[in-house]
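>>> next comes the sequence, and after it the predicted model I'd like to discuss.
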Amino acid sequence: MPRELITRNVAKLVEPPRTDTPELHPWTLDETLDFLAASRKDPLYAAFVLAIAMGLRRGEIVGLRWSDVDLDNRVVYVRHQVQRRRGVLYDDDPKSRRRRAVPLPALCIAPLRWHRMRQAATRAKAGERWQDSDYVFATRTGRPVGPRNLYRSFTRVAEFAGLRVIRLHDARHGTATLLTAAGVPPRVVMEILGHSQISITMDVYTHVVQDTQREAMSHMDRLLRKRPRRQ
């Protein structure tokens, strides 16, 4: 039986399947402020502030150690993340292995100091049951808080405040949007958020620029309409 020779790669004629990118629906600035006000007395308030002000991933937040937090020099070193696999929590490197040092906004300082004081009281109360693991966000016995539990608390506070429930990743997108709208260059936003590719950051940048352009053109529309007619 003669062999049929194919002179070209027919696989190139097939269009590869497209992966749907989930839509992001971050809170508005007013919604964000309402959430922070509602969560002020929550045990994980400092974690929520870090998520909103710094755009840390939930695994990075619960993976923080006190040795990673320099409150005096206002720097957070993102070196770890905590993940859950088959019901077991384990430590891992940050996503895409991108360890980074991120300046700590002033609004994060007081919540972290207060959280450390409250954790010291919890440690004293736990006594010998406390596992000294140095986690910033820990259970009553010193074990790390799971990423899912962080999100459950985040959702509970949002519902209590009467806000629409969003993903923590959407809050991270909101951080990128605010930074970009403030004029922070995309490359700097990329380093702060630990994006693996500048194209991810540029998706946010393009979205904000389009909104800014739309607002600018609305101003132009109003200016042109205000010109008085000649008699």
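Nice, I can see it.
>>> can you give me the strands for this protein?
According to DSSP state E, the chain carries its strands in the segments 69-70, 75-78, 81-85, 88-92, 100-103.
>>> can you list the strands that the first one pairs with?
Each strand pairing with strand 69-70, determined using DSSP bridges, is listed with its direction: strand 75-78 (antiparallel).
>>> tell me the contacts of residue 159?
With contact taken as C-beta atoms under 8 Å, 6 or more residues apart in numbering, residue 159 is in contact with residue 165. Where you see a C-beta, it was placed from the backbone N, CA and C, and this is true even at glycine.
>>> tell me how many other residues crowd residue 79.
The local packing of residue 79 (other C-beta atoms under 10 Å) involves 17 other residues.
>>> may I have the phi/psi pair for it?
phi -120, psi -20 (degrees, to the nearest 10).
>>> that one is in contact with residue 94, isn't it?
Yes - contact criterion C-beta atoms under 8 Å: residue 79 and residue 94 qualify, at 7.2 Å.
>>> returning to what we had before: include mean neighbour count, distance to residue 149 and mean pLDDT when you put the strands of the chain into JSON lines, please.
Shown next, in JSON lines, are the strands of the chain (neighbours: other C-beta atoms under 10 Å; distance: least, C-beta to C-beta, whole Å; pLDDT from 0 to 100):
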{"stretch": "strand 69-70", "mean neighbour count": "15", "distance to residue 149": "20", "mean pLDDT": "95"}
{"stretch": "strand 75-78", "mean neighbour count": "18", "distance to residue 149": "20", "mean pLDDT": "92"}
{"stretch": "strand 81-85", "mean neighbour count": "16", "distance to residue 149": "10", "mean pLDDT": "83"}
{"stretch": "strand 88-92", "mean neighbour count": "12", "distance to residue 149": "10", "mean pLDDT": "75"}
{"stretch": "strand 100-103", "mean neighbour count": "15", "distance to residue 149": "23", "mean pLDDT": "86"}
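>>> export the ones you listed to TSV and tack on distance to residue 115?
As requested, the strands of the chain are exported to TSV (distance: least, C-beta to C-beta, whole Å):
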stretch	distance to residue 115
strand 69-70	10
strand 75-78	13
strand 81-85	17
strand 88-92	20
strand 100-103	18
